[in-house]
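Trainee: when you get a sec, could you give me coordinates for this:
(chains A and B)
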Amino acid sequence: MESEIRVRFAPSPTGYLHVGSLRTALYNYLYARKVKGKFILRIEDTDQARYVEGAVENLIETLNQVGLEYDEGPDIGGNYGPYFQSQRTEIYGKYADELIEKDAAYFCFCTSEDLEIMREEQIAKGEDTRYDGRCRKLSKEQVQENLDQGKPYVIRAKIPKEGEIVFFDIVREKVSIMWETVDDQVLIKSDGFPTYHLANVIDDHLMKITHVIRGEEWLSSVPKHLFLYNAFGWKPPKMCHLPLLLNPDKSKLSKRQGDVAVEDFLKKGYLPEALLNFVALLGWHSKSDKELYSLEELEKEFSLKRINKSGSVFDIEKLNWMNGHYLRELESGYVAIKARPFFIKAGFDINDNEKYLKIIEVVRNRISTLSEITKVAAPFYETIKYSEEDKQIINNENSQRLFSFWLKNIQVLDIITEENINRLLKQSTDELGIKGKDLYFPLRLALFGSVHGPELPVIFDVLGKEEVLGRLSKMLD
RNA sequence: GUCCCGUUCGUCUAGUGGACUAGGACUCAGGAUUUUCAUUCCUGCAACAGGGGUUCGAUUCCCCUACGGGAUACCA
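Mentor: Numbering: from 1, shown residues only, chains lettered A, B, ... in the order given. Predicted coordinates for the structure are as follows:
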């Protein structure tokens, strides 16, 4: 089992699942499934200041809703737990000590005020703002003395001052960075918690992670991480940095310019199938021109090698189209289930399941998100309100003759079939001399409240004889 | 500012030196189907950031410039 591929999705619980994170989670998931490896969820909650109540539950809930199942994680356990970093502080402390022993890290007693002053001086001199390493020079005795006095401290990485580090990223290929541009990163904060950089390296190693697949914003941190792997004598995982998701103005996708929370998309009536498919295409493309994929198909097709390098704009127009596509193509029973909350919220009585399913079938190809569905279905549930323009058509002499004719002829019918309707349509033309728009528009207006809309037999079928009669007779007032 | 990464139609992208009059998808425009609308189908508009090389030949390789983004925290 040494060769088993293990990847992880490691979000910090700051409130909700971001669509960019969804894409990262998806790629991790897909790669794991593709190579029959393991997909792990780990919560990076080392920042106590950013703790958000309920964020983890929310994150897990959203992941469940879109169907991204993980093999190990905080709520389901696994052999490499705990999966909350906040529950692993002792582990990090131990390894930090090891780093000190190996002279790969050092105690730093600078206060945030000290740092602030240092930074201002550097800016004034036009220098780069980096920790100047003053605490590196502290002797063992001085350090011990400070420690004994109970002075607050952090532990910093003792990053090399010269030379260059070259590493290979699956997406970026060769990347090289000069050590002198890398800061002496804080590893253990003064509250005793580790920073992301330390925790992530230790956990990835302990959890036997083989591939780190994450956003591009981490690319410049890789040297810090590689430094740690090297100091510990560990083999680093393969790196794979994903191109960023962008706002329409090409800046990093943010809340300010629209929805970014997956739960909000779900609430608005985007289907998991569409969300996943759409997001999969942001940065990845199969060899073929195929763009419509189910999760299962993606699991077979996906490959890290075909991830591209440049950031992608999150184009809501295409998402809308894709969502509409799934609304039309997926099994109608499934769409009916997904649509149910929207009908309930609109106050529509959907207890008549047969009618409800018929309506779903009618309206689902007229919308791109479920949030629009009740508006389209409303004429089937509510009393129709007419505009002045509508009333003109309704009160038109021909229209009135038409309504009387249909009322009379439908009353005598046992059941309304499509044949019946077509026959009456023909009779309307033959006997009343009404045809074309003069025929269809008034009828659709009477029964559906709009001159445009579904085919007449469909409307009759959904409404049923009694309701059709009721609506027709209302026209004669 | 510094470091790193990137740059093909408006957007998502195909393309790894000749098969490119640069292909697909979304959007948009036109048409067909339909009593209407929606769906569906067809057609069209639209791009290799710029400049130097390398080469018989560059979208493809190298360099420079421009532009964009990311990172520069005791946040992740």
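Trainee: residues of the stretch 201-350 of chain A that sit close to RNA strand B?
Mentor: Contact residues, the stretch 201-350 of chain A versus RNA strand B (Cβ under 7 Å from any atom of the strand): A:216-221, A:243-244, A:246, A:249-252, A:281-283, A:285, A:287, A:289, A:291, A:306, A:308-313, A:315, A:317-318, A:320-321, A:324-325, A:328. No exception for glycine: its C-beta is placed from N, CA and C like everyone else's.
Trainee: care to break chain A down by domain?
Mentor: For chain A, automatic domain parsing gives the domain ranges A:6-85+A:245-313, A:88-242, A:331-381, A:388-475.
Trainee: Throw those domains into CSV and include mean pLDDT and mean neighbour count, thanks.
Mentor: Shown next, in CSV, are these (pLDDT from 0 to 100; neighbours: other Cβ atoms under 10 Å):
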stretch, mean pLDDT, mean neighbour count
domain A:6-85+A:245-313, 94, 18
domain A:88-242, 95, 16
domain A:331-381, 95, 17
domain A:388-475, 90, 16
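Trainee: which ones among the residues of the stretch 201-350 of chain A next to RNA strand B map onto strands?
Mentor: Those of these mapping onto strands are A:246, A:312-313, per DSSP state E.
Trainee: want to throw those residues into TSV with distance to A:Leu266?
Mentor: Output for these, formatted as TSV (distance: Cβ to Cβ, whole Å):
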residue	distance to A:Leu266
A:Leu246	22
A:Ser312	21
A:Val313	21
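Trainee: between those, which is nearest A:Leu26?
Mentor: In terms of Cβ to Cβ, no member of these lies closer to A:Leu26 than A:Ser312, at 13.8 Å.
Trainee: my read: the closest one touches A:Asn247, true?
Mentor: No: using Cβ atoms under 8 Å, A:Ser312 makes no contact with A:Asn247, being 11.0 Å away.
Trainee: enumerate the residues of the stretch 1-150 of chain A near RNA strand B.
Mentor: So the stretch 1-150 of chain A meets RNA strand B at A:10-12, A:44, A:46-47, A:49-50, A:110-112, A:115, A:119, A:126, A:128-131 (Cβ under 7 Å from any atom of the strand).
Trainee: how about a cut-off of 10 Å?
Mentor: Contact residues, the stretch 1-150 of chain A versus RNA strand B (Cβ under 10 Å from any atom of the strand): A:10-14, A:21, A:23, A:42-50, A:85, A:108-116, A:118-119, A:122-123, A:126-131.
Trainee: what about the helices in the stretch 251-400 of chain A?
Mentor: For the stretch 251-400 of chain A, helices defined by DSSP state H, counting those that start in this stretch occupy the ranges A:262-267, A:272-280, A:295-301, A:316-329, A:332-346, A:353-363, A:373-381, A:388-395, A:397-411.
Trainee: can you give me how far stretch A:51-70 is from the chain middle?
Mentor: The chain centroid and the centroid of stretch A:51-70 are separated by 11 Å under Cα atoms, centre = their mean, to the nearest Å.
Trainee: do the same with stretch A:142-155
Mentor: On Cα atoms, centre = their mean, the centre of stretch A:142-155 falls 45 Å from that of its chain.
Trainee: same question, stretch A:313-323
Mentor: The chain centre lies 13 Å from the centre of stretch A:313-323; the measure is Cα atoms, centre = their mean.
Trainee: so which bits of that stretch are buried?
Mentor: For stretch A:313-323, the neighbour count (16 or more other Cβ atoms under 10 Å) marks A:314, A:319-320, A:322-323 as buried.
Trainee: just name whatever secondary elements the longest helix seen in chain A is in contact with.
Mentor: Counting residues, the longest helix in chain A under DSSP state H turns out to be helix A:456-474. Counting contacts by 3 or more Cβ pairs under 8 Å, 6 or more residues apart in numbering; DSSP states H and E, helix A:456-474 packs against helix A:353-363, helix A:397-411, helix A:418-432, helix A:437-448.
Trainee: roughly how far is it from the heart of the chain?
Mentor: The answer for helix A:456-474 is 42 Å, by Cα atoms, centre = their mean.
Trainee: how much does that helix deviate in direction from helix A:388-395?
Mentor: Helix A:456-474 and helix A:388-395 are oriented at 80 degrees to each other (axes from the mean of the first three to the mean of the last three Cα atoms, to 10 degrees).
Trainee: any chance you could list what contacts helix A:456-474?
Mentor: With contact meaning Cβ atoms under 8 Å, 6 or more residues apart in numbering, helix A:456-474 is reached by A:355, A:358-359, A:362, A:380, A:384, A:403, A:406-407, A:410-411, A:413, A:415-416, A:418, A:421-422, A:425, A:440, A:443-444, A:446-448, A:453.
Trainee: out of the residues you listed, which touch RNA strand B?
Mentor: Answer for these near RNA strand B (Cβ under 10 Å from any atom of the strand): A:362, A:421-422, A:425, A:440, A:443-444, A:448, A:453.
Trainee: which parts of the stretch 101-250 of chain A are helices?
Mentor: A:112-124, A:140-148, A:196-206, A:222-232.
Trainee: would you map the strands across the stretch 51-200 of chain A?
Mentor: A:105-108, A:154-157, A:164-169, A:173-178, A:186-188 (DSSP state E, counting those that start in this stretch).
Trainee: in a markdown table: those strands, plus distance to A:Asn200.
Mentor: Listed next are the strands of the stretch 51-200 of chain A as a markdown table, based on distance: least, Cβ to Cβ, whole Å:
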| stretch | distance to A:Asn200 |
| --- | --- |
| strand A:105-108 | 16 |
| strand A:154-157 | 13 |
| strand A:164-169 | 16 |
| strand A:173-178 | 18 |
| strand A:186-188 | 11 |
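Trainee: OK, contacts around the residue of the stretch 301-450 of chain A found nearest RNA strand B?
Mentor: Per Cβ to the nearest atom of the strand, A:Tyr440 is where the stretch 301-450 of chain A lies closest to RNA strand B, at 2.6 Å. The contact partners of A:Tyr440, taken as Cβ under 8 Å, 6+ apart, are A:451, A:456.
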